[in-house]
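[1] Next comes the sequence, and after it the predicted model I'd like to discuss.
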Amino acid sequence: MKISRRDAMKLGLKGGAALGACLAAPSIVLAQGRRPTLPYGVMSGDMLADRAMLWARADRPSRLLVELADNPEFLGARQLRGPEVLPASDLTAKLDVTGLADMDTAYYRVRFAALDDHRAISEPVTGRLRLPPTNRRDVRFVWSGDTAGQGWGIDESRGGMTTYAAMQRQRPDFFIHSGDTVYADGPMEERVTLANGETWRNLVTPEKRKVAETLGEFRGQHAYNLMDANVRRFNAEVPMLAQWDDHETVNNWYPGELLDDARYTEKNVDLLAARARRAFLEYTPLRQMPDAPGRIHRHFAYGPGLEVFMLDMRSHRAANSRNRQAGGEAASFLGQDQLRWLLDGLRRSTATWKVIAADMPIGLMVRDGEHFEAAANGHGGEPLGRELEIADLLRAIRDEAIHNVVWLTADVHYTAAHHYAPERAGFKAFSPFWEFVSGPLHAGTFGPGELDATFGPEVVYQKAPPAGQSNLPPSDGYQFFGQVDLDGESETLTVTLMDAAGSALHTQVLTPERA
């Protein structure tokens, strides 16, 4: 049986039955050893009311083929011919799928067709994603950060990265990864002796044996996490909104920094960050816009009840310092352009709840040696340094009566609920609000941190390692994620802090304030 290139492509783009017949044909079977594979599964993200991003990676140059349907049997599926994947993109493919407005849940099936053998088509890998609603309904999502950090990688004898499985059991509509999606600056050892005498056995790849400096090494950081079966299953079922923080590049980095670290032959952080950003964008289902192809901050309306604003607290900051400036460029954190974008989006939002997904907390002091890494500076009085941008934002939210703003973050490797109120604060010109912290997903556990009084935070709940203990392994149980449930009828927002087993640790029910 001889099949022309054109006929093979037609068969690949017809219904599942036709494609199955093609794969069963003798000439196709002969090509079995040359068929592409999808070693890292599939994922989706950046979903809007009528579109979403799909992602996959092949093991060789090939073309992405997608079937899309509103049912798991793929009856009446649409056939989509995606881009070619080449080594220039590390064989990753992203497809911005449109025409989803009438779907509640989209089911997709991904194959790759080899470019060097038209008979060689991969086995399918399936996924699903739930689309934002047009009417009020219940919504559930989860968030956390910090994956494969501090030398704690995939120990398959312990089940791998099991927090992802716990999140999947909650059946969320989507997931916010709050940054430190990888640890490019954290080499791994194959064996680590634990305090109880047991051995942690890391799965280790060549890229994980040293700090990442080349583009290939940064790509390898992302590929490593996708080797975990829990992560792949989760990605296939739960669309992701991804943001980055520092460890995608190097600890506590800022633009213009020159490293003083003997592990690095490349000291220019701007060059390292450019490579890290490219790898991050290649390996996440993040939609890149033509007018700002490298931009990470963006927002998503998820039905009438919810809008999510994803921040980038890394790309636009000034150098880490004592953080006591009275103003000027040296106090930049979000940057004025991003700050204007956020305020404009909050003003325009018609959603009941506005969730600000931040990659760093507001009131916790995060130190970088003698300097400060986040906004808080330990002064506790009127805002100084990076606190000035936060103060401008909070003042505008109060003055323009923007209601029901909630902050979600990770970064500090423990979980907490913080309430901010002006009566406790050095700065008074804002309305009370909540910030919820949760993480790590699979990394060393630290904390608790120290709060700065400038914006009047109060610890309502926190869970961290016992005093004197730090960098605890995932096997000690101090891994955390958060869950948010929006009731479609009452529009109450319930935030639950959870442990790695999916057990609820603390629940906060928030009632919407009406204009």
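    Good, I have the coordinates.

[2] Only C-alpha atoms from now on, for both contacts and neighbour counts.
    Will do.

[3] Could you pull up phi and psi at residue 50?
    phi -130, psi 10 (degrees, to the nearest 10).

[4] no, scratch that, I was asking about residue 52
    Torsion angles, degrees, to the nearest 10, at residue 52: phi -160, psi 160.

[5] Run through the residues that contact residue 432.
    The contact partners of residue 432, by Cα atoms under 8 Å, 6 or more residues apart in numbering, come to 419-422.

[6] any idea how far it lies from residue 256?
    Between residue 432 and residue 256 the distance is 36 Å, computed by Cα to Cα, to the nearest Å.

[7] what's the answer for residue 465, then?
    For residue 465, the distance to residue 256 - Cα to Cα - is 35 Å.

[8] between those two, who's got more neighbours?
    Taking other Cα atoms under 10 Å, residue 465 and residue 256 do not tie; residue 465 has more neighbours (18 against 13).

[9] Isn't that one up against residue 447?
    Yes: applying Cα atoms under 8 Å, one finds residue 465 in contact with residue 447, separated by 6.6 Å.

[10] Between these two, which contacts overlap?
    residue 414.

[11] For the helix or strand harbouring residue 484, which strands pair with it and how are they oriented?
    Secondary structure assignment for residue 484, by DSSP states H and E: strand 480-486. According to DSSP bridges, strand 480-486 forms sheet pairs with strand 139-144 (antiparallel), strand 493-499 (antiparallel).

[12] ok, and what's touching it?
    Residues outside strand 480-486 that contact it (Cα under 8 Å, 6+ apart): 138-145, 163, 167, 305, 414-415, 437-441, 492-500.

[13] Make a ChimeraX selection of the buried ones in these.
    Here is the ChimeraX selection string for the buried members of those, based on 16 or more other Cα atoms under 10 Å:
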select :139,140,141,142,143,144,145,163,167,305,414,415,437,438,439,440,441,492,493,494,495,496,497,498,499,500
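
[14] Check what pLDDT residue 290 gets.
    At residue 290, the model reports a pLDDT of 89.

[15] Let the chain start at 31 from now.
    Renumbered: residue one is now 31, and that last one reads residue 320.

[16] what about it, distance to residue 169?
    Taken as Cα to Cα, the span from residue 320 to residue 169 is 31 Å.

[17] And residue 486, by the same measure?
    30 Å.

[18] Quick check: what element follows the strand ranked longest in the chain along the chain?
    The longest strand of the chain (DSSP state E) is strand 135-144. Where DSSP H and E defines the elements, the next helix or strand beyond strand 135-144 is strand 155-160.

[19] Contacts for that following strand, please.
    68, 71-74, 134-141, 203-204, 266-269.

[20] cutoff 6 Å now
    By Cα atoms under 6 Å, 6 or more residues apart in numbering, the list of residues contacting strand 155-160 from outside reads 134-140, 203, 266-267, 269.

[21] ditto for stretch 130-143
    79-81, 92-100, 102, 150-152, 154-161.

[22] Let me know whether residue 487 touches residue 450 as I believe.
    Yes: using Cα atoms under 6 Å, residue 487 is in contact with residue 450, at 4.2 Å.

[23] re the thing from before, same list, the contacts of strand 155-160, but as TSV with neighbour count please.
    Formatted as TSV, the contacts of strand 155-160 follow (neighbours: other Cα atoms under 10 Å):
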residue	neighbour count
134	15
135	18
136	20
137	21
138	27
139	21
140	23
203	20
266	21
267	22
269	28
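
[24] Need those in JSON lines (columns: distance to residue 379 and pLDDT).
    Shown next, in JSON lines, are the contacts of strand 155-160 (distance: Cα to Cα, whole Å; pLDDT from 0 to 100):
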{"residue": "134", "distance to residue 379": "22", "pLDDT": "96"}
{"residue": "135", "distance to residue 379": "24", "pLDDT": "97"}
{"residue": "136", "distance to residue 379": "26", "pLDDT": "98"}
{"residue": "137", "distance to residue 379": "29", "pLDDT": "98"}
{"residue": "138", "distance to residue 379": "31", "pLDDT": "98"}
{"residue": "139", "distance to residue 379": "34", "pLDDT": "98"}
{"residue": "140", "distance to residue 379": "35", "pLDDT": "98"}
{"residue": "203", "distance to residue 379": "21", "pLDDT": "98"}
{"residue": "266", "distance to residue 379": "30", "pLDDT": "98"}
{"residue": "267", "distance to residue 379": "28", "pLDDT": "98"}
{"residue": "269", "distance to residue 379": "22", "pLDDT": "98"}
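
[25] tell me the two of the residues you listed that are most distant?
    Greatest spatial distance among the contacts of strand 155-160 (Cα to Cα): 140 and 203, at 20.7 Å.

[26] how about the nearest residue to residue 436, chain neighbours excluded?
    Among residues not flanking residue 436 along the chain, residue 385 sits closest, at 4.9 Å (Cα to Cα, 6 or more residues apart in numbering).

[27] That neighbour and residue 297, how far apart?
    37 Å.

[28] again with residue 150
    44 Å.

[29] that's a helix at residue 215, yeah?
    No: under the criterion used here (DSSP: H, G, I helix; E, B strand; the rest coil), residue 215 is coil, not part of a helix.

[30] Just give me the neighbour total for it.
    Residue 215 has 24 nearby residues by other Cα under 10 Å.

[31] residues contacting the nearest residue to it once chain neighbours are set aside?
    Take residue 215 and drop its neighbours on the chain: the residue closest to it by Cα to Cα, 6+ apart is residue 241, 4.7 Å away. Taking Cα under 6 Å, 6+ apart, we find residue 241 in contact with 214-215, 217.

[32] before we move on, back to that, dihedrals phi and psi, the residue nearest to residue 436?
    The phi/psi pair for residue 385 (degrees, to the nearest 10) is phi -100, psi 120.

[33] just residue 489 next, same as before
    phi -80, psi 110.

[34] per-residue confidence for it?
    The per-residue pLDDT of residue 489 was computed as 98.

[35] Tally up the residues packed near it, please.
    With other Cα under 10 Å as criterion, residue 489 counts 12.

[36] Bridged to the closest residue in space to it that isn't next to it in sequence, which residues?
    Setting aside the residues directly before and after it, residue 489 is nearest to residue 448 in space (Cα to Cα, 6+ apart), at 4.8 Å. Beta-bridge pairing for residue 448 (DSSP bridges): residue 465, residue 489.

[37] give the contact list for residue 448.
    By Cα under 6 Å, 6+ apart, the neighbours of residue 448 are 464-465, 487-490.

[38] now do residue 413
    Applying Cα under 6 Å, 6+ apart, no residues contact residue 413.

[39] State the distance from it to residue 364.
    Residue 413 is 15 Å from residue 364, by Cα to Cα.

[40] Can you list the residue ranges for helices in the chain?
    Taking DSSP state H as the criterion, the chain carries its helices at 35-43, 46-54, 56-60, 192-199, 245-255, 259-267, 299-312, 366-378, 417-429.
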